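> prediction below, plus the sequence it came from.
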Amino acid sequence: MMFVLLVISLLTFVIFFVMPPTDPAVNFAGRAPKQETIEAVRRHFGLDQPVPVQYGRFIKRFVLGDEWGWPGFGFSYTTKTPIRVSLLPRAWVTAQLAIGASVIWLIVGIPIGIVSALKRRTFVDRAAMGFALFGVSAPVFWLGLIALYIFWQKLGISAGTGYVSFGDSPWQWISHFWLPWVVLALLYAAFYARIVRGNMLEVMSEDYIRTARAKGLRERDVIFKHGLRSSLTPIVTLYGLDLGLLLGGAIVTETVFNIPGLGPYTIAAVFRGDLPVVVAVTIFGAFAVVLFTLIVDVVYAYLDPRVRYT
Amino acid sequence: MSASLLEVRDLKVHFPTPDGIVKAVDGVSFRLGRGERLGVVGESGSGKSVTFLTIMGLITRPSAIIEGEVLFKGESLLERSQDEIRLIRGRGIAMIFQDPMSSLHPFFKVGSQIAEAIRVHEDVSRKAAFARAVDMLRQVGIPRPDERARQYPHEYSGGMRQRAMIAMALVLSPDLLIADEPTTALDVTVQAQILDLIDRLREELGSAVVMITHDLGVVAEHTDRVHVMYAGKIVEAGTREDIYYRAHHPYTWGLLQSISRVDEQRDRLRPITGAPPSLIFVPPGCSFHPRCPYVMKECREVVPPLVVEEDVHSSACHLSVAEKKRIFQTEVVTRS
């Protein structure tokens, strides 16, 4: 795990610092800078040092923290403020969006998948898979705007775009969040419904399901105890990876709903050539994915006895 | 009448498919007494498994067309709801399957899976059920059953898993055990152990056993009566001696000639020519006629009924009984 993170940090570092499209020192030095100003900036940030030294400093700062605390993400060349101060609150906002949406998509997607599998080839199944196709195909930016128009402009049951922290007003918090949650969840719910349906159909034709029926179990127990257990285990993997990925920023959703998460922050940093921010966000995102992969592995070993002791 | 535990009358199981109706079972009738050992022999696709899955109510395809009558202890099974049949499954009739590797749930402990079978039918505590499961594992010859019951199926070998399946099936002392090719997936040495185990437990519990197999060797030692099935029908039925020493049906002759025996000199095995028929377009008349070396004009037109010829020995073939005896003596025995 640590090794993976190290490799990722090295790759991002090399890509963004060694092969930069812009010179960070020139960027920092302001409009029409004098040559000596640029040189001074370069010296100040250590950009005149050899690349391995720069990387070493970067890692040291990250691991041990810098003057603004731990982990040391460094200093934005554009806003001229420490990254940590703006990154962490934004990560928290993104996390609220991602976790809220993920709860909804699990609650919606899994039952739809199960019902669809059990009522295969019936109207219910067709309707559910039609919904799934819609959910997978509808682009979030379009869906988000339509949803805002209907639920905010016309019906007024959403507080619209923006973000209000839970501490400030729980009511405003949920009023602002429920629509982006639903919109973001729809895509995943559709996808999960399809996966669960597929797994369930496969599992229900397994020999051990026949064994369960042969011993006289209630069909309810056959489905929910024996069938569901096997068909939901792979979902754990999927869920962990999806959540990890989303924590790195749900760019489109956050942009459409004007939520101050990591997504818009990253985009802005990329456009401004604010390399330290880009690197910080990348590493943060990578860390989230690696962390969730680890959690998935641990949970999986608990759920599936066959992968234990290996 | 009181002696019959299971009675099947003209059972038909048809599956509609886009290519036509698959007649998996096409008019099967038989009777099975308490404690009896019945062997059902046939090639893949002869309908032997489907017959007994239907009796268990385990044909789950909703489009299946099931006709006929199945009486278990005088009660009709086919008309019952799933919930009523459920109560008979496991307790009245238990079943073990061909592949022990995939027949146990990979995520649950072996002991819990057996205990679950008990708790479905009896109101006992989890702990008591588990203790009985351990005891049953001991009876099927699993060493250190306390420890083994807490393990998962993937920690068992193939033979042990089949033993565990047997434990699960017999833990409630069912009146009837259906064993669907219980040894096909196992090593030859393990096969004999499993069959002996089933025999021993059958005697202890007094259950009747139906042994579905394509291996005449299994039938020889572990059954009293034998049904030979072909293309969804029983083509010959009798005691095992009838089948082994006085077989009347050309298909049975083919099966006998294609097994190897150590007690007789035999240069080479004689396979039955041709392939099993399509169950959608079953040949008219006797369904075996395209592969039969003794085919007559009649065979292509008239379906031979299963008729009793001697005692309990019956076969479905147009040849006369005298002719069958002559062919068996002169051609089957000498050549084999």
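Sure, I can see it. Residues are numbered from 1 along each chain as shown, chains lettered A, B, ... in the order given.
> use CA for all of it now, contacts and neighbours both
Noted.
> for the most centrally placed residue in chain B, which three-state class applies?
Nearest to the mean C-alpha position of chain B, by CA atoms, centre = their mean, lies B:Ile212 at 2.1 Å. Each residue gets one of three states, and B:Ile212 gets strand by DSSP: H, G, I helix; E, B strand; the rest coil.
> cool, and A:Leu47?
coil.
> dump the residue contacts of it.
A:25, A:54 (CA atoms under 8 Å, 6 or more residues apart in numbering or on different chains).
> which pLDDT value goes with it?
Note for A:Leu47: predicted pLDDT of 75.
> then A:Val7?
Value listed for A:Val7 in the pLDDT field: 86.
> now swap in A:Ile174 and tell me
Reading off the model, A:Ile174 has pLDDT 83.
> that one sits in which helix or strand?
helix A:170-204 (DSSP states H and E).
> and the next helix-or-strand element following that helix, is it in reach of chain B?
Downstream of helix A:170-204, the first helix or strand assigned by DSSP H and E is helix A:207-214. Yes - Helix A:207-214 is in contact with chain B by CA under 8 Å from any CA of the partner chain, via A:207-211, A:213-214.
> so which bits of the stretch 101-250 of chain B are right by chain A?
So the stretch 101-250 of chain B meets chain A at B:102-107, B:117, B:120-121, B:152, B:154, B:169 (CA under 8 Å from any CA).
> nearest to chain A, of these?
Lowest distance from chain A to these (CA to the nearest CA) belongs to B:Ser103, with 4.2 Å.
> near chain B, which residues of chain A show up?
A:206-211, A:213-218, A:226, A:229-230, A:303-306.
> hmm, back to that, and the residues of the stretch 101-250 of chain B next to chain A as TSV, adding neighbour count?
Formatted as TSV, those follow (neighbours: other CA atoms under 10 Å in any protein chain shown):
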residue	neighbour count
B:Ser102	18
B:Ser103	21
B:Leu104	27
B:His105	23
B:Pro106	19
B:Phe107	17
B:Ala117	27
B:Val120	17
B:His121	18
B:Tyr152	21
B:His154	18
B:Ala169	28
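> in helices, which of those fall?
B:102-103, B:117, B:120-121, B:169 (DSSP state H).
> state the pair within those residues that is farthest apart.
Spanning the widest gap among those are B:Ser102 and B:His121, at 23.8 Å by CA to CA.
> any regions of the stretch 51-200 of chain A where pLDDT drops low?
A:68-69 (pLDDT under 70).
> if we go to 90?
A:51-93, A:95-96, A:117-125, A:127-179, A:182-184, A:186-187 (pLDDT under 90).
> quick one: the helices in it, in order.
A:51-64, A:83-118, A:123-137, A:140-147, A:170-204 (DSSP state H, counting those that start in this stretch).
> just name the most buried of those helices.
helix A:170-204 (a mean of 22; mean count of other CA atoms under 10 Å in any protein chain shown).
> packing partners for that helix?
Where contact means 3 or more CA pairs under 8 Å, 6 or more residues apart in numbering or on different chains; DSSP states H and E, helix A:170-204 is packed against helix A:83-118, helix A:123-137, helix A:140-147, helix A:228-247, helix A:251-256.
> which residues are contacting stretch B:292-303?
Against stretch B:292-303 from outside (CA under 8 Å, 6+ apart): B:250-251, B:283-287, B:289, B:318.
> among these, name the buried ones.
Buried members of the contacts of stretch B:292-303, counted by 16 or more other CA atoms under 10 Å in any protein chain shown: B:250-251, B:283, B:286-287, B:289, B:318.
> so of the residues you listed, which ones are in helices?
B:250-251.
> which residues touch the closest residue to B:Met165 other than its chain neighbours?
Counting by CA to CA, 6 or more residues apart in numbering or on different chains, B:Met165 lies nearest to B:Ile96, which is 6.3 Å off, once chain neighbours are set aside. Listed by CA under 8 Å, 6+ apart, the contact set of B:Ile96 reads A:211, B:165-166, B:169, B:177-180, B:182.
> and of those, the nearest to A:Val289?
Using CA to CA, these come closest to A:Val289 at A:Thr211, 38.7 Å.
> you'd agree the closest one is up against B:Ser103?
Yes - if you go by CA atoms under 8 Å, A:Thr211 and B:Ser103 touch, sitting 6.0 Å apart.
> columns pLDDT on top of the buried ones among the contacts of stretch B:292-303, output as CSV?
Shown next, in CSV, are those (pLDDT from 0 to 100):
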residue, pLDDT
B:Pro250, 91
B:Tyr251, 92
B:Pro283, 88
B:Cys286, 91
B:Ser287, 90
B:His289, 90
B:His318, 91
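> just the buried ones among the contacts of stretch B:292-303: which are in strands?
If you go by DSSP state E, those have nothing in strands.
> tell me the pLDDT at residue 238?
Using chain A. So, for A:Leu238, pLDDT stands at 91.
> actually, chain B is the one I wanted.
92.
> what do you get for A:Phe17?
69.
> who's in contact with B:Ser315?
Per CA under 8 Å, 6+ apart, neighbours of B:Ser315: B:235-237, B:248-249, B:305-309.
> which stretches of the stretch 151-300 of chain B have low pLDDT?
B:157-159, B:173, B:181-194, B:204-206, B:213-222, B:240-247, B:253-285, B:291-298.
> all strands of it, in order?
B:176-180, B:208-213, B:225-230, B:233-239 (DSSP state E, counting those that start in this stretch).
> list the beta-bridge partners for B:Val25.
B:Val13 (DSSP bridges).
> ranges for the helices of the stretch 201-336 of chain B?
Using DSSP H, counting those that start in this stretch, helices in the stretch 201-336 of chain B cover B:216-222, B:240-245, B:250-257, B:321-327, B:334-335.
> deepest of those helices, which one?
helix B:250-257 (a mean of 22).
> how far off centre is stretch A:223-232?
27 Å (CA atoms, centre = their mean, to the nearest Å).
> quick check: buried residues in that stretch?
So for stretch A:223-232, counting by 16+ other CA under 10 Å, buried means A:223, A:226-232.
> just give me the closest of the residues you listed to B:Ser112.
Nearest to B:Ser112 among the buried residues of stretch A:223-232, with distances taken as CA to CA, is A:His226, at 12.3 Å.
> how many residues are close by the nearest residue to that closest one once chain neighbours are set aside?
Excluding the flanking residues, the one nearest A:His226 by CA to CA, 6+ apart is A:Ile209, at 6.8 Å. As a burial measure, A:Ile209 scores 19 neighbours (other CA atoms under 10 Å in any protein chain shown).
> I'd assumed A:Gly227 was in contact with A:Ile209.
Yes - with contact defined as CA under 8 Å, A:Ile209 and A:Gly227 form a contacting pair (7.0 Å).
> now the common contact residues for those two.
In contact with both A:Ile209 and A:Gly227: A:Val203, using CA under 8 Å, 6+ apart.
> neighbours of residue 16, just the number please.
Because you didn't say which chain, this covers chain A. Neighbour tally, A:Phe16, other CA under 10 Å: 18.
> not quite, go with chain B.
13.
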